[in-house]
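A.B. asks: Take this sequence and fold it.
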Amino acid sequence: MTQDNYCLIENYMLSCAADSAHDPEHIYRVLYNALEIAKGEEGVDHDVLIAACLLHDIGRKEQLEDPTKCHAMVGSQKAWNFLRSNGFSEEFAHQVRHCIQVHRFRKSLPPQTVEAKILFDADKLDVTGALGIARTLMYKGNMTEPLYTKLPDGTICDGSSEAPSFFREYKFKLEKLYDKFFTARGTQLAQERKAIAQAFYESLYREVNAGYMSGKEVLQQWIGEKEV
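C.D. replies: The predicted structure follows:
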């Protein structure tokens, strides 16, 4: 890829940047993860991979404005239109579009090419470990979702309910990431980060529960004394 083509694609990506959890720094981390993973794969078209990494989240703004839209599908079409209108070949645009279409978790639409599998893994790596926790908290905050919810009996839900929260995101998504990678290097990098994320969730859940249990007991004591 020429410097001019890289800058052209990068500038388009920058113009499409949406929320803080999917900002340009996320894009660069995904790109660098992808280049690391690609070292262990054969037959990688690095031009396709670089373009797909840079453009994989350009549909985020549309999804934020209308949650019924899938940023992967919107972004893949935007990428196709952009690449074709700027002189890239139909085959190149097709390969990039496929990578972007399938970079989300969907059993019905798995990645088929080596570049798509690398992008999938590189993107998921950015949701693992301490960085994944931090990004998830940022995103949930943007969506005005709570850290946790309570069960009918007043205890803290561990995230296994359907109510949106950070705990639910961890139990339904983050906790289950680590066996869903396509490449050997992606799997290795993810496993290296797993314990950090697990320890954070368990510590936060433990601290929240401890505060609620002791705090409620003390509160009841004070309420009872005031009533007397």
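A.B. asks: any idea where the helices of the protein begin and end?
C.D. replies: Per DSSP state H, the chain carries helices over the ranges 3-16, 24-38, 46-55, 60-65, 71-85, 90-101, 114-125, 129-142, 166-172, 184-227.
A.B. asks: Ok, which of those helices comes nearest residue 148?
C.D. replies: With CB to CB as the criterion, residue 148 lies closest to helix 166-172 of those, at 4.6 Å. (Glycine included, C-beta is placed from N, CA and C.)
A.B. asks: What's the mean pLDDT across the closest one?
C.D. replies: Mean pLDDT, computed over helix 166-172, is 93.
A.B. asks: In CSV, list the C-alpha atoms belonging to it.
C.D. replies: Extracted as CSV, the C-alpha positions of helix 166-172 are listed here (Å, rounded to 0.1, in the frame of the first residue of the first chain):
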residue,chain,number,x,y,z
PHE,A,166,-21.7,-3.7,32.8
PHE,A,167,-22.0,-6.9,34.8
ARG,A,168,-24.4,-8.4,32.1
GLU,A,169,-22.0,-7.4,29.3
TYR,A,170,-19.2,-9.2,31.2
LYS,A,171,-21.2,-12.4,31.8
PHE,A,172,-22.8,-12.5,28.3
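A.B. asks: for the helices of the chain, which one ends up most surrounded?
C.D. replies: Highest mean neighbour count among those (mean count of other CB atoms under 10 Å): helix 114-125, with a mean of 26.
A.B. asks: Give me the residues contacting it.
C.D. replies: Helix 114-125 is contacted from outside by 30-31, 33-34, 37-38, 41-45, 48-49, 52-53, 56, 95, 98-100, 102-103, 111, 177, 180-183, 185-187, 189-190, 193, using CB atoms under 8 Å, 6 or more residues apart in numbering.
A.B. asks: From the chain's centroid, how far away is that helix?
C.D. replies: 12 Å (CA atoms, centre = their mean, to the nearest Å).
A.B. asks: Over to stretch 73-91?
C.D. replies: Going by CA atoms, centre = their mean, where stretch 73-91 is centred and where its chain is centred differ by 23 Å.
A.B. asks: what residues does that stretch touch?
C.D. replies: The contact list for stretch 73-91 (CB under 8 Å, 6+ apart) reads 8-9, 12, 16, 51-52, 55-60, 62-63, 92-94, 96-98, 100-101.
A.B. asks: is it true that residue 170 touches residue 159?
C.D. replies: Yes. Assessed by CB atoms under 8 Å, residue 170 is found in contact with residue 159 at 5.6 Å.
A.B. asks: The nearest residue to residue 205 once chain neighbours are set aside: neighbour count?
C.D. replies: Counting by CB to CB, 6 or more residues apart in numbering, residue 205 lies nearest to residue 158, which is 6.1 Å off, once chain neighbours are set aside. Per other CB atoms under 10 Å, the neighbour tally for residue 158 reads 17.
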